[in-house]
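1. how would this look folded up:
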Amino acid sequence: FPNNIFLSSSDIDADELTDVEEEIFKTDSGTWDTDLDGYYDGQEIFNLYNPTGTAPEKIIDSGLVREYVNPKWQYRVYYPAPWKVDAVDDAANQVLISTITGEYIEIHAFQKNQGQSFISWFAKNATGQQYSDLTKHTNRFQVEQLQRKDGLVGYVDTDNIVFVLVYHLGVEKQILYPNVMRLMFQSFRPVRTFIDIPDQEILPEPAVATTTVSTFVTSTENIVTSTSILDTDTDIVISDSL
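-> Got it, this is the predicted structure:
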């Protein structure tokens, strides 16, 4: 696949939701804390709470998101209510959750060999990827994950299955929904769980948004990303390889 040059989407109020994401979550793009409950909008999405209602209303009870339950593997994940879910194959091993802009998040279930470790599976199947680029996370339902440092790829390893979540660009050539990806990471459960999400976690206040230019290879097997930050005062471009 050819490389595409794209920009990160703007976040006018620096609340960790892009302006496009503010539309789907019905928050105010000019207000840092839409519901004035003391938690900024992106923080509430990250914590799986409703950014438009009085705390502590959970986002799954808000109507802003739906829960997808895979018919074969029974994993569960939240996704924006206006988005569409489609299974690529009859067994629903590969599922695409997409929006009208053409961006979509892919969830793919891969069976492992009996007794196979994640590192062994990763070395064989994640072509072009580096294990050192992954960091460990535990989501709101106490599910351990490995996420690529740019937040666009994640893995959930179980005894027999590896679930892979991948963010794909649309026609806009921008990362319009990075925090939808975070929502999906935070809500993903490989099996039904009775663990209730905890009270809201206090996150650091978001930094002022920057404009980034990145190179992205749209492939589930080989994704390469670099980031450039433009200093608007000096017109110097500083590049950092991710």
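
2. Closest to the centroid, which residue in the chain?
-> Residue closest to the average C-alpha location in the chain (CA atoms, centre = their mean): M181, at 1.4 Å.

3. and that one, that's in a helix?
-> Yes: the assignment for M181, made by DSSP: H, G, I helix; E, B strand; the rest coil, places it in a helix.

4. Give the full set of residues in contact with it.
-> For M181, the contacting residues are 105, 151-152, 165, 167, by CB atoms under 8 Å, 6 or more residues apart in numbering. C-beta here means a position set from N, CA and C on the backbone, and glycine is covered the same way.

5. Please apply the same query to K84.
-> Applying CB under 8 Å, 6+ apart, the residues contacting K84 are 97-99.

6. run the last query once more with 7 Å
-> S98 (CB atoms under 7 Å, 6 or more residues apart in numbering).

7. Quick check: it vs P51, distance?
-> Taking CB to CB, to the nearest Å as the measure, K84 and P51 are separated by 22 Å.

8. likewise R182?
-> Per CB to CB, R182 is found 13 Å from P51.

9. hmm, back to that, what would the contacts of M181 look like in JSON lines with distance to N125 and secondary structure?
-> Output for the contacts of M181, formatted as JSON lines (distance: CB to CB, whole Å; DSSP: H, G, I helix; E, B strand; the rest coil):
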{"residue": "I105", "distance to N125": "19", "secondary structure": "strand"}
{"residue": "G151", "distance to N125": "21", "secondary structure": "coil"}
{"residue": "L152", "distance to N125": "17", "secondary structure": "coil"}
{"residue": "L165", "distance to N125": "15", "secondary structure": "strand"}
{"residue": "Y167", "distance to N125": "18", "secondary structure": "strand"}
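
10. among these, which ones are buried?
-> 105, 151-152, 165, 167 (16 or more other CB atoms under 10 Å).

11. Could you identify the most distant pair in the contacts of M181?
-> The largest separation in those, counting by CB to CB, is between I105 and G151 at 11.6 Å.

12. which regions of the protein lie under the pLDDT threshold?
-> Low-confidence segments of the chain, defined by pLDDT under 70: 1-7, 201-204, 206-242.

13. quick one: which of the contacts of M181 is nearest L17?
-> G151 (14.2 Å).

14. Now do D35 against S10, distance only.
-> Using CB to CB, we find D35 at a distance of 22 Å from S10.

15. so R66 is in which element?
-> Taking DSSP states H and E as the criterion, R66 maps to strand 65-69.

16. what residues does the very next helix or strand once past that strand touch?
-> Counting by DSSP H and E, the element after strand 65-69 in chain order, helix or strand, is strand 76-80. Applying CB under 7 Å, 6+ apart, the contact partners of strand 76-80 are 24, 59-60, 65-69, 85, 97, 107, 180, 183-184, 187-189, 192.

17. how about strand 76-80: buried residues?
-> 76-80.
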